[in-house]
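Asker: generate a structure from the sequence data that follows.
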Amino acid sequence: MDLQSLPIGDQGFASLRGDNYLYVDKTELIYRMIQKGKFYFLSRPRRFGKSLLLSTIEAFFLGKRELFNGLYIANQEQEWVEHPVLHLDFSTQNYKSEQNVYNILNDFLDEYEAKYGRKEGETDVALRFKWLVRNAYEKTGQRVVILVDEYDKPLLESIENPELQEQYRGILRGFYAVLKAMGQYIRFALLTGITKFSKVSIFSDLNNLNDISRDWDYASICGITDNEVDSVLAPYIQRYADEKNLSYDAVREDLRRMYDGYHFAADTPGLYNPFSLMCALSKRAMDGYWFDSGTPTMLVEMLRRKHYALPTFEEPVSAMKLDNKTGDSDSIMPLLYQSGYLSIDRMSDDGRYWLTFPNDEVREGFFEFLLPYYATVPNNDAKIAISDFVKDILDGNAEQFLQRLQSFFADFQYDAQTTPETHFRNVLYILCKLMGLQVDAEYQTSDGRIDLLLRTDKFVYVIECKIDSTARIALDQIKSKEYALPWSLDNREMILVGINFSTKTRRPDDWLIERADGSIIEGGKNVREQVREQEGEQVKKQVKEQVKKLVLALGKDTKKREELMQLLQLAGRRNFKQNYIDPSIDEGYMAMLYPEAPNRKDQAYYLTDKGLALLAELTKE
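Answerer: Below is the predicted model of the structure:
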């Protein structure tokens with residue numbers, strides 16, 4: 001069976017239909033919008049089908065009936081009257097100066113004035129636009145259709161430059177005012193963008209502009225629904241499954257996990273990101289296609305500059321906050337939501353919205369990108385670093401997890417205006433989100449809030465954090481407030497963790513870990529003096545032999561700690577480190593001088609009390 005090509009990058013309706021590319025029929029919603037109103041605004045994330053939507057509407061109003069054969073609208077519309085269509089696309093320009101906006105507006109006006117005429121001598125772009133609308137109507141006898149793509153791009157690109165952004169506002173304010181002034185000549189108008197900048201007066205002056213961004217009736221006008229995946233894309237999923245020797249259901253579930261989950265209104269079906277979905281089915285591979293096509297550098301810089309507490313991502317926000325304050329550089333949540341990094345999860349009884357990351361592509365991509373801005377990432381590879389954390393948690397190795405956590409804070413210079421508590425909690429939040437496990441920050445119980453609750457198939461971790469205090473106080477709080485009580489009958493092992501974060505060292509410096517059997521592991525401040533206690537039978541003969549080889553390599557007369565530390569600067573020799581030092585550390589015979597920064601170039605090692613005892617045994621005459 002020959003399948004139509006999947007559209008990737010091509011957002012032109014005429015070319016998609018003419019070249020036999022797949023088109024997911026959205027014309028029922030388009031026809032409803034055209035019949036029920038006149039002035040519309042729609043906000044959707046980038047690469048979500050806004051340009052294709054405008055192109056489809058343009059083809060309809062140009063009367064190109066042949067392009068709609070087989071689609072819903074073909075059997076509904078009878079007249080197919082050709083209207084003058086003025087299509088302004090802001091996406092084709094970068095906006096570094098005021099002149100860039102004038103350039104795009106002048107090019108737009110020049111193109112259509114060549115067709116419909118221009119008032120001689122007029123140079124003001126707003127007045128030229130006004131005359132253009134009237135001339136197009138008078139020349140054709142049909143009211144005008146106005147389509148604006150990415151209206152907000154100049155404002156988004158200047159969000160870090162308030163002075164330049166205000167210049168853009170002034171230009172666009174007058175230009176868009178024409179839509180209201182010339183309303184009698186306009187048949188239909190749709191403005192699309194990522195965000196809604198309320199301070200631009202298009203939303204106050206154009207009081208007849210219908211914002212359908214969170215309208216239930218038009219929630220799926222961009223994006224692809226589950227039903228559309230099953231009815232239109234099933235053959236492509238089967239092709240993917242056959243080529244990869246997977247079941248259809250397995251591929252279907254992976255697509256849902258990776259790309260589904262966008263909600264632009266409460267209680268609406270989830271939407272798939274169309275760009276990533278088409279890429280995955282075309283390439284037969286799951287990847288972060290949407291995220292990689294445009295990283296959120298600006299948003300991350302805003303989060304850092306405003307010292308934002310990341311766990312508040314999961315707190316409810318009002319509808320007004322989502323809609324009306326995006327132009328304010330202090331308002332980050334609207335940008336994250338409207339840009340597609342957060343999505344509506346549910347609505348509370350008081351009308352506020354709970355937001356969440358829509359899917360694994362966005363969650364993993366966002367936090368992997370975010371992590372190096374907040375912590376020292378070994379080898380600059382977040383995926384490898386996170387996989388180590390996940391293994392520790394899945395294995396119940398909280399001590400190793402916390403030692404790795406120390407290394408994430410090593411030598412990292414964060415903004416002095418950021419409170420240490422905010423920075424520490426942000427790093428923990430990022431790590432837990434990246435681990436992809438069941439994580440709750442600020443989990444509410446009957447007697448307080450647990451700082452961090454982390455659950456796996458085998459373990460439940462209850463974690464309490466303190467700042468410039470002690471791990472004992474943190475652990476005692478877990479017990480006194482009975483944070484673990486709700487899971488007392490759970491079959492999983494309970495692990496209680498108290499952590500203290502030092503503002504002086506800017507890292508966790510003290511922790512206590514209590515296991516279900518009552519045993520307590522201390523760590524942090526005294527880590528260099530601690531040795532893992534193990535029963536004799538647990539010390540493998542192989543490890544003893546490796547330590548023996550190490551001792552022999554150093555010489556039998558190297559009994560002094562100072563001499564050992566000096567000689568153990570051999571860490572740069574890979575085989576020596578892998579064959580002798582690493583196994584010795586794993587069994588507690590040796591320790592790093594700087595455990596919080598294992599990859600330091602000047603890392604040194606020494607024998608622990610356990611190692612010195614073995615040394616004495618092995619070297620005695």
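Asker: tell me which stretches of the stretch 201-350 of the chain form strands.
Answerer: For the stretch 201-350 of the chain, applying DSSP state E, counting those that start in this stretch gives strands covering 210-211, 224-225, 271-272, 343-347.
Asker: now render the ones you listed as TSV, adding mean pLDDT.
Answerer: Below are the strands of the stretch 201-350 of the chain laid out as TSV (pLDDT from 0 to 100):
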stretch	mean pLDDT
strand 210-211	90
strand 224-225	96
strand 271-272	97
strand 343-347	90
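Asker: out of the ones you listed, which one sits most buried?
Answerer: The highest mean neighbour count among these belongs to strand 271-272 (a mean of 26), with neighbours defined as mean count of other CB atoms under 10 Å. Any C-beta I mention is one placed from the backbone N, CA and C, and that applies to glycine too.
Asker: look up phi and psi at the residue lying closest to Arg17 once chain neighbours are set aside.
Answerer: Sequence neighbours aside, Leu67 is the residue nearest to Arg17 in space, at 4.6 Å (criterion: CB to CB, 6 or more residues apart in numbering). The phi and psi values for Leu67, taken as degrees, to the nearest 10, are phi -80, psi -20.
Asker: so Leu67 touches Gly12, yeah?
Answerer: No. Taking CB atoms under 8 Å as the contact criterion, Leu67 and Gly12 are not neighbours in contact, 10.6 Å apart.
Asker: still on that earlier bit, as TSV, the strands of the stretch 201-350 of the chain with distance to Glu253 would be great.
Answerer: Compiled in TSV, these are given as follows (distance: least, CB to CB, whole Å):
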stretch	distance to Glu253
strand 210-211	35
strand 224-225	16
strand 271-272	13
strand 343-347	19
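Asker: the ones you listed: which one's closest to Lys119?
Answerer: Proximity to Lys119, assessed across these by CB to CB, is greatest for strand 210-211 (30.7 Å).
Asker: ok, the closest one: who's next to it in the sheet?
Answerer: The strands that strand 210-211 pairs with in its sheet are strand 39-43 (parallel) (by DSSP bridges).
Asker: report the buried residues of the helix or strand that contains Ala136.
Answerer: Using DSSP states H and E, Ala136 sits within helix 125-140. Using 16 or more other CB atoms under 10 Å as the test for burial, helix 125-140 gives 125-126, 128-137.
Asker: now do stretch 36-44
Answerer: With the criterion 16+ other CB under 10 Å, stretch 36-44 contains buried residues 38-44.
Asker: re the thing from before, list the helices and strands the helix holding Ala136 packs on?
Answerer: strand 85-89, helix 98-116, strand 144-149, helix 162-181 (3 or more CB pairs under 8 Å, 6 or more residues apart in numbering; DSSP states H and E).
Asker: which among the ones you listed is found nearest to Ile344?
Answerer: Closest of these to Ile344 is strand 144-149, at 24.1 Å (criterion: CB to CB).
Asker: average pLDDT across the closest one?
Answerer: The average pLDDT within strand 144-149 is 97.
Asker: heading C-terminal from it, find the next helix or strand.
Answerer: Moving toward the C-terminus from strand 144-149, the next element (DSSP H and E) is helix 153-157.
Asker: contacting residues around that next one?
Answerer: The set of residues that contact helix 153-157 without belonging to it, under CB atoms under 8 Å, 6 or more residues apart in numbering, is 90-91, 93-96, 100-101, 165, 168-169, 172, 193-195, 197, 200, 298, 327.
Asker: so which residues make contact with stretch 384-401?
Answerer: Outside stretch 384-401, the residues that reach it (CB under 8 Å, 6+ apart) are 368, 371, 377-379, 404-405, 408, 431, 434-437, 454, 456, 458-459, 461, 493, 495, 497, 513, 521, 523.
Asker: I meant to write stretch 239-257 there.
Answerer: When contacts are taken as CB under 8 Å, 6+ apart, the neighbours of stretch 239-257 outside the stretch itself are 3, 226, 229, 237-238, 272, 277, 280-281, 284, 286, 359-360.
Asker: one more time with 6 Å
Answerer: Contacts made with stretch 239-257 from outside it, assessed by CB atoms under 6 Å, 6 or more residues apart in numbering, are listed as 237-238, 284, 286, 360.
Asker: give me the element the residue most central in space within the chain is part of.
Answerer: For the chain, the residue whose C-alpha lies nearest the mean C-alpha position (CA atoms, centre = their mean) is Phe366; its distance is 2.8 Å. Under the criterion of DSSP H and E, Phe366 resides in helix 360-370.
Asker: compute the inter-axis angle for that helix and strand 343-347.
Answerer: 110 degrees (axes from the mean of the first three to the mean of the last three CA atoms, to 10 degrees).
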